[in-house]
Structure formats: C-alpha cells, structure tokens
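>>> Please work out how this folds:
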Amino acid sequence: MSDLLVDADWLEARLEDPTVRVIDTRVTIVPQPPGPSDYVSLYPDYLASHIPGAGYLHMVEDLSDPDGAFPFALPSPEVIWQRLGDLGIRSSDTIVLYGNHIHFATHRCWWVLAVAGADVRLLNATFANWVAEGRPLASGAESFEAVTFDATPRTEWVASKADVIASMTDPDTTALNALSAEQHAGRGQPFGRPGRIPKSLSLPAAAMMQPDSGAFRSVDEIARALGETGVSKSDQLITYCGGGIAASTTFVALRLLGYENLSLYDGSLLEWSADPDLPLVID
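Just a heads-up that it's a prediction; the model follows:
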C-alpha cells in the first residue's frame with residue numbers, strides 16, 4: 001500500500017481491522033452549464049449494497065460549506081472532524097475512500113479530508129470493479145459509535161484567489177488547469193465566463209485516469225503528461241478547474257509523482273470568472 005492508493009486485495013484483507021475505516025462517496029452528476037454541476041447523492045445505492053463496514057459521505061451535503069462564497073467551498077476542519085467522528089473514525093485510523101465512475105468527486109472528498117488532517121487513501125478502483133470481482137458486500141445502514149476526531153490541518157494545500165493572482169507574475173509558480181484541453185482553450189462548457197487563468201497550463205484530470213477501472217495511470221504516464229506541459233520540478237504548482245473538483249484528481253496525480261510544493265485553488269473558475277476585473281484567456 002502507498003500513502004495515497006490501496007488495491008482491492010489490501011482492503012479486503014483488512015475489512016475486520018478496526019483501524020482501517022471505509023467511506024463510500026458515490027454520486028451521480030447532472031451538468032448545469034454554464035454554472036456548477038449538480039452532484040446527486042447515491043445514498044440509496046449505498047443502502048442497497050456497499051463494502052462491509054463503510055460509512056457514506058456526500059461531496060456536497062457533507063463535505064462542502066453551504067454558506068461558502070462559492071459552490072463546493074471547503075468547510076472548516078472542525079466540520080470535517082465532526083463528520084468523521086460521527087462515523088466512529090478516530091484521528092489515528094486510516095480511511096479508505098471508494099466511489100464510482102465519477103472519479104473526480106471521490107478525489108475531491110479525499111482532498112477535503114486530507115486538508116482537514118485525516119490519514120486518507122483511495123481505493124484504486126471503482127465499486128463496480130469490487131462487485132465484478134466477487135468481493136464481500138453488505139447492505140443497509142451501518143451503525144457507528146460517535147467519537148472525537150481532531151488533527152492538524154494541511155492549510156498549505158489550499159490556494160486562495162490572491163495566491164492565483166500572484167502566480168500570474170511569479171515565474172516560479174505555475175497554475176495547472178485540470179479541465180479538458182478544449183475548455184482550457186475557451187471552448188466547451190464554461191464555468192461562468194469562458195477561458196483560462198493567464199499563464200496557466202493544461203493538465204486535464206481525465207488524462208490522469210484509466211476510465212474503465214477507475215485506477216490512476218502509471219507514474220510514468222502521469223510524469224510524461226506533466227513533462228509535456230514544460231513544468232519544472234521546482235515550480236510551486238496550483239491546480240484548478242471549474243469548481244475545484246477535477247483539480248483534486250490532478251492534485252492526487254501530482255502527489256503520486258512526489259510533488260510537495262502543491263496546492264489547489266478551491267474557488268477555481270466559479271470564483272474567478274465571477275469577478276469581472278480578473279482576466280481570462282481564450283485561444
């Protein structure tokens with residue numbers, strides 16, 4: 001097991017381990033161009049079938065701030081600690097997340113929990129793969145005894161609008177757009193105004209993934225895609241997208257490459273494009 005990804009064999013062997021806790025993050029998505037997409041809870045699907053012992057957290061209802069300045073805003077660490085404590089998860093536990101084909105929503109959940117200081121990993125496959133391989137399943141609601149969770153937040157992993165503005169004139173900082181190359185050019189589904197943040201480079205989240213299995217591509221493949229952007233290993237990197245969700249996939253991929261000098265612009269284009277004074281580039 002790495003400190004980011006686990007495989008199905010590793011997880012199945014530890015389903016009875018009380019220090020390894022599993023969370024189901026499955027959602028479905030309803031695009032709402034030109035604004036934020038609607039991420040619909042699949043809690044009924046969780047009740048019908050899930051990995052034994054798993055709790056359920058929804059990317060929006062549980063892991064976003066409903067009063068935030070922009071959609072999907074990162075909640076306070078205390079809110080996340082409460083969510084985890086309600087699932088009986090302690091700060092010393094290892095959390096494993098899994099989801100469905102909406103990979104980037106699961107990765108957003110990973111980033112939110114990781115920023116709050118949790119020790120959180122990703123199952124490097126989808127729930128459908130788990131089922132297809134005949135692995136153990138459970139149904140109905142799981143019962144958890146609430147505990148206290150606290151940790152040290154990783155605030156350095158969060159980039160603000162001010163940080164991104166500064167990146168436009170900082171030769172040592174590069175913003176990476178996790179949307180498609182078409183959206184990077186200013187075409188396709190916009191998030192408010194079309195276009196990209198000046199000086200940012202294209203590193204689509206979709207290129208980081210094997211879509212059928214839900215697994216990340218190999219480190220060599222990810223490194224090759226990053227190398228094509230011209231980014232230096234010494235650069236400070238900021239990932240962004242439409243609403244900070246696909247950017248989480250690219251963030252995880254860069255962590256797999258060993259990048260430490262890394263943050264994610266939480267507001268992304270939903271915040272940026274709402275400010276008419278901030279520039280966007282269209283090819």
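>>> check which helix or strand covers the residue nearest the centre of the chain.
Taking C-alpha atoms, centre = their mean as the criterion, R108 is the residue nearest the geometric centre of the chain, at 2.1 Å. Assigned by DSSP states H and E, R108 belongs to helix 103-115.
>>> Output the contacting helices and strands for that helix.
In terms of contacts (3 or more C-beta pairs under 8 Å, 6 or more residues apart in numbering; DSSP states H and E), helix 103-115 is packed against helix 77-86, strand 94-98, strand 119-123, helix 246-256. Heads up, the C-betas are built off the backbone N, CA and C, glycines and all.
>>> could you pull out the helices for this protein?
Along the chain, counting by DSSP state H, helices occupy 8-12, 43-48, 77-86, 103-115, 127-132, 161-167, 181-184, 219-227, 246-256, 268-272.
>>> Would you format the ones you listed as a markdown table with distance to D93 included?
Formatted as a markdown table, those follow (distance: least, C-beta to C-beta, whole Å):
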| stretch | distance to D93 |
| --- | --- |
| helix 8-12 | 14 |
| helix 43-48 | 20 |
| helix 77-86 | 9 |
| helix 103-115 | 11 |
| helix 127-132 | 20 |
| helix 161-167 | 31 |
| helix 181-184 | 38 |
| helix 219-227 | 27 |
| helix 246-256 | 20 |
| helix 268-272 | 30 |
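>>> Show me the one of the helices and strands packed on helix 103-115 that comes nearest E16.
The closest of these to E16 is strand 94-98. By C-beta to C-beta, the value is 13.7 Å.
>>> any weak-confidence spans in the chain?
1 (pLDDT under 70).
>>> Break this protein down into its domains, please.
Annotated domains of the chain cover 5-153, 156-272 [automatic domain parsing].
>>> Quick one: end-to-end length of the shortest one, please.
End-to-end span of domain 156-272 (C-alpha to C-alpha, to the nearest Å): 20 Å.
>>> what's the offset of that domain from the middle of its chain?
12 Å (C-alpha atoms, centre = their mean, to the nearest Å).
>>> same question, the first one
Averaging C-alpha positions (C-alpha atoms, centre = their mean) puts domain 5-153 11 Å from its chain's average.
>>> Count the neighbours of the closest residue to A175 other than its chain neighbours for me.
Counting by C-beta to C-beta, 6 or more residues apart in numbering, A175 lies nearest to S200, which is 3.9 Å off, once chain neighbours are set aside. Neighbour count of S200, defined by other C-beta atoms under 10 Å: 21.
>>> Could you check how far S200 is from E142?
42 Å (C-beta to C-beta, to the nearest Å).
>>> Ok, L179 next?
Counting by C-beta to C-beta - L179 and E142 are separated by 36 Å.
>>> Okay, angle between the helix holding R108 and helix 77-86 too, please.
100 degrees (axes from the mean of the first three to the mean of the last three C-alpha atoms, to 10 degrees).
>>> contact partners of helix 103-115?
23, 25, 27, 29, 39, 57, 59, 63-64, 72, 74-75, 77, 80, 84, 95, 97-100, 120, 122, 126, 153-155, 157-158, 205, 209, 211, 214, 244-246, 248-249, 251-252, 264 (C-beta atoms under 8 Å, 6 or more residues apart in numbering).
>>> Tabulate the CA atom coordinates of stretch 82-90 in PDB.
Extracted in PDB, the C-alpha atoms of stretch 82-90 (Å, rounded to 0.1, in the frame of the first residue of the first chain):
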ATOM      1  CA  GLN A  82     -17.500  16.200  13.300                       C
ATOM      2  CA  ARG A  83     -18.400  14.300  10.200                       C
ATOM      3  CA  LEU A  84     -15.700  11.700  10.700                       C
ATOM      4  CA  GLY A  85     -16.300  11.500  14.500                       C
ATOM      5  CA  ASP A  86     -20.000  10.700  13.800                       C
ATOM      6  CA  LEU A  87     -18.800   7.800  11.700                       C
ATOM      7  CA  GLY A  88     -16.800   6.500  14.600                       C
ATOM      8  CA  ILE A  89     -13.500   7.400  12.900                       C
ATOM      9  CA  ARG A  90     -10.500   8.400  15.100                       C
END
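>>> mind listing what's buried in it?
The neighbour-count check on stretch 82-90 (16 or more other C-beta atoms under 10 Å) flags 82-89 as buried.
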